[in-house]
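Undergrad: Okay, here's the prediction I keep looking at, along with the sequence it came from:
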Amino acid sequence: MKRTKILLNESEMPKQWYNMAADLPSPPPPPLNPGTRQPLGPEDLSPLFPMSLILQEVSQERFIDIPEPVLEALTLWRPTPLIRAHRLEKALGTPAKIYYKYEGVSPTGSHKPNTAVAQAYYNKQDGVKRLSTETGAGQWGSSLAFAAALFGLECKVYMVRISFEQKPYRKALMESYGAQIVASPSPDTQSGRAILAEIPDTPGSLGIAISEAVEDAATREDTKYSLGSVLNHVLLHQTIIGQEAIKQLEMAGDYPDKVIGCVGGGSNFAGIAFPFMRDKINGRQIDFIATEPASCPTLTKGEYRYDFGDTAQLTPLMPMYTLGHSFVPPAIHAGGLRYHGDAPLLCHLVKEGLIGAEAYTQVDVFESAIIFARNEGIIPAPESNHAVHGAIKHALQAKEEGKETTILFNLSGHGFFDMSAYSNYLAGNLIDHAMTNEEVRENLEKLAGLPLSFPG
Ligand SMILES: Cc1ncc(COP(=O)(O)O)c(C=O)c1O
């Protein structure tokens, strides 16, 4: 019988995270203090993060031990399965082999708890009582709420308003774990009140919600801020995905020619890609393809430069591809992919030509998700649909070229809380939107005065 699921035992779960920063072919530009415009020091981050995570943020060590209590929490759902998509391959009639790493088996349905449990653990160790955060689609908020419950922390989540309205059950899930949820922009913070006064009916954005959560942490003694993507330490915690996949593909006697993942801030993509990137830097031929929505085309149409991570300009200036921090993307269903920037580490590798990027429209990604669901059974999260679409597109390309390619993609989560998006698609009500070059240019013009590079 053909093998479908490639499974690891708990004892085979990686005991260390892989730190991409140790193997970069060139050093990335430093994040800057927005006041002094000088490279950020650990003390600049200490109002927001515990020192243990700040040290991980700047670490150059190649491997970092995963603490025992974090390993123990991770075994609630890890190692996750690697699945060979035999049925999908057959339906597409492709000579390509398609494997997907399924992160939807976590308690909250995505890859996000991989870093949430680590962050909750380190905050608890450092004496923090309460965490604040933002959430787009609700996956990150649920994951931090879950992790906070495991380690006995309070948790407040600022949820982008459009998702808050589209996904009432995500709110119930977070509340079940004991977290407090508000729609963002909210009247609870100064940045929220300012935006509500200006645009009362705004759908919100991740940039706005980040401003609120950062302000919450910066103005309370007992609270630290927790981010579900973008930062180096978040990407680090996600590398357990790719390290497991390496072992699982070895068991299957395979190695990927193409590694594909969707990108919102870059954490699930980095999680699957970075452990393989090490091989590419050492000379192995692998294509990495980051997929994103055409309505929020950060990597494919954004500019590589310094920008704020949030709308209210409270965060450090980060070197990244950006559409401009004031950009509010249209209310597409992949709420977790509506972010104006991306992780600096990922952006650096795109800039260096080691990672490629493709942007897809909403209707196309749902069409692929339906093909996937009807063959593999899983209903993917709308964010993950971008990776599914990428895999199908490249498998069909392999068919056209008659090539036996091996494709690995990250199925970052399931879509059980996103069924209204599927209902809309099936009823023919999804609207496609692609950001034009003109719109991008207008947004980027607002960044005049911020440095393009360092030293400038
Ligand atoms: C299922 C899922 N996949 C992907 C993402 C995008 O985030 P990232 O790029 O950090 O993986 C999200 C964000 O909410 C998500 O919920």
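TA: That came through, no problem.
Undergrad: For the rest of this, base every contact and every neighbour count on C-alpha atoms.
TA: Fine.
Undergrad: Determine if any part of the helix or strand of the chain with the lowest mean pLDDT is in contact with the ligand.
TA: Averaged element by element with mean pLDDT, DSSP states H and E, the chain has its least confident helix or strand at helix 161-166 (a mean of 90). No. Contact check for helix 161-166 against the ligand, using C-alpha under 6 Å from any ligand atom: none in range, with a minimum separation of 10.7 Å.
Undergrad: Residues in contact with that helix: which ones?
TA: Outside helix 161-166, the residues within contact range by C-alpha atoms under 8 Å, 6 or more residues apart in numbering are 136-138, 170-171, 183-185, 202-205, 331, 335, 420.
Undergrad: which of those has the most neighbours?
TA: Ser184 (35 neighbours; other C-alpha atoms under 10 Å).
Undergrad: isn't Asn114 right up against Thr239?
TA: No. The pair Asn114 / Thr239 is not scored as a contact, 9.1 Å apart, by C-alpha atoms under 8 Å.
Undergrad: next structured bit after the least confident helix or strand of the chain?
TA: helix 168-176 (DSSP states H and E).
Undergrad: What is that following helix packed up against?
TA: Using 3 or more C-alpha pairs under 8 Å, 6 or more residues apart in numbering; DSSP states H and E as the contact criterion, the elements in contact with helix 168-176 are helix 139-151, strand 180-184.
Undergrad: what residues does the first one touch?
TA: When contacts are defined by C-alpha under 8 Å, 6+ apart, helix 139-151 is touched by residues 108-110, 112-113, 116-117, 120-121, 124, 131, 133-135, 154-155, 157, 159, 170, 173-175, 177-179, 228, 336.
Undergrad: go with 7 Å
TA: Surrounding helix 139-151, the residues in contact under the criterion C-alpha atoms under 7 Å, 6 or more residues apart in numbering are 108, 110, 112-113, 116-117, 120-121, 124, 134-135, 154-155, 157, 170, 173-174, 177-179, 228.
Undergrad: How about stretch 227-246?
TA: With C-alpha under 7 Å, 6+ apart, stretch 227-246 has contacts from 13-14, 17-19, 53, 56-57, 82, 101, 112, 114-115, 133, 140, 265-268, 270-275, 342-345.
Undergrad: what about Pro382, which SS state?
TA: Assigned by DSSP: H, G, I helix; E, B strand; the rest coil, the conformation of Pro382 is coil.
Undergrad: what residue is smack in the middle of the chain?
TA: Relative to the mean C-alpha position of the chain, the nearest C-alpha, by C-alpha atoms, centre = their mean, is the one of Ser267, at 3.8 Å.
Undergrad: gap between it and Glu57?
TA: The spacing between Ser267 and Glu57, counted by C-alpha to C-alpha, to the nearest Å, is 14 Å.
Undergrad: what does Ala145 give?
TA: Summarising the geometry, the distance separating Ala145 from Glu57, computed by C-alpha to C-alpha, is 22 Å.
Undergrad: Give me the more crowded residue out of these two.
TA: Set side by side, Ala145 and Glu57 show unequal neighbour counts under other C-alpha under 10 Å, the larger going to Ala145 at 33 against 19.
Undergrad: The closest residue to the ligand within the stretch 51-200 of the chain: how many residues sit nearby?
TA: Nearest to the ligand in the stretch 51-200 of the chain, going by C-alpha to the nearest ligand atom, is Gln139, at a distance of 4.5 Å. In terms of burial, Gln139 registers 25 neighbours under the definition other C-alpha under 10 Å.
Undergrad: three-state assignment of Glu358?
TA: Reduced to three states with three-state DSSP, the structure at Glu358 is strand.
Undergrad: beta partners for it?
TA: With DSSP bridges applied, Glu358 shows beta-bridge pairing to Thr291.
Undergrad: Show the contacting residues for Ile195.
TA: Neighbours of Ile195 in contact, by C-alpha under 7 Å, 6+ apart: Pro185.
Undergrad: repeat that for 10 Å
TA: The contact partners of Ile195, taken as C-alpha atoms under 10 Å, 6 or more residues apart in numbering, are Ser184, Pro185, Ser186, Pro187, Asp201, Thr202, Gly204, Ile208, Thr311, Ala312.
Undergrad: quick one: what helix or strand has the nearest residue in space to the fourth one that is not next to it in sequence in it?
TA: Computed as C-alpha to C-alpha, 6 or more residues apart in numbering, the closest residue to Pro187 that is not its neighbour in sequence is Arg193, at 5.0 Å. Element membership for Arg193, per DSSP H and E: helix 190-198.
Undergrad: Now for Glu134: which residues touch it?
TA: Neighbour list for Glu134: 140-141, 144, 156-160, 181-184, 205-214, 225-228 [criterion: C-alpha under 10 Å, 6+ apart].
Undergrad: switch the cut-off to 8 Å
TA: For Glu134, the contact set (C-alpha under 8 Å, 6+ apart) comprises Trp140, Gly141, Val157, Tyr158, Met159, Val160, Leu206, Ala209, Ile210, Glu212, Ala213, Leu227.
Undergrad: Filter those down to the ones in helices?
TA: Here DSSP state H is the test, and these give Trp140, Gly141, Leu206, Ala209, Ile210, Glu212, Ala213 as lying in helices.
Undergrad: Stretch 97-115 - what's its average pLDDT?
TA: Confidence for stretch 97-115, expressed as mean pLDDT, is 98.
Undergrad: buried stuff in that stretch?
TA: Neighbour counts using 16 or more other C-alpha atoms under 10 Å place 97-106, 108-115 of stretch 97-115 among the buried residues.
Undergrad: so how far is it from its chain's centroid?
TA: Going by C-alpha atoms, centre = their mean, to the nearest Å, the spacing between the C-alpha centre of stretch 97-115 and its chain's C-alpha centre is 12 Å.
Undergrad: And the contacts of that stretch?
TA: Residues outside stretch 97-115 that contact it (C-alpha under 8 Å, 6+ apart): 74, 76-78, 80-86, 89, 139-140, 142-144, 146-147, 228, 234, 237-238, 240-241, 245, 268, 391, 395, 404-414.
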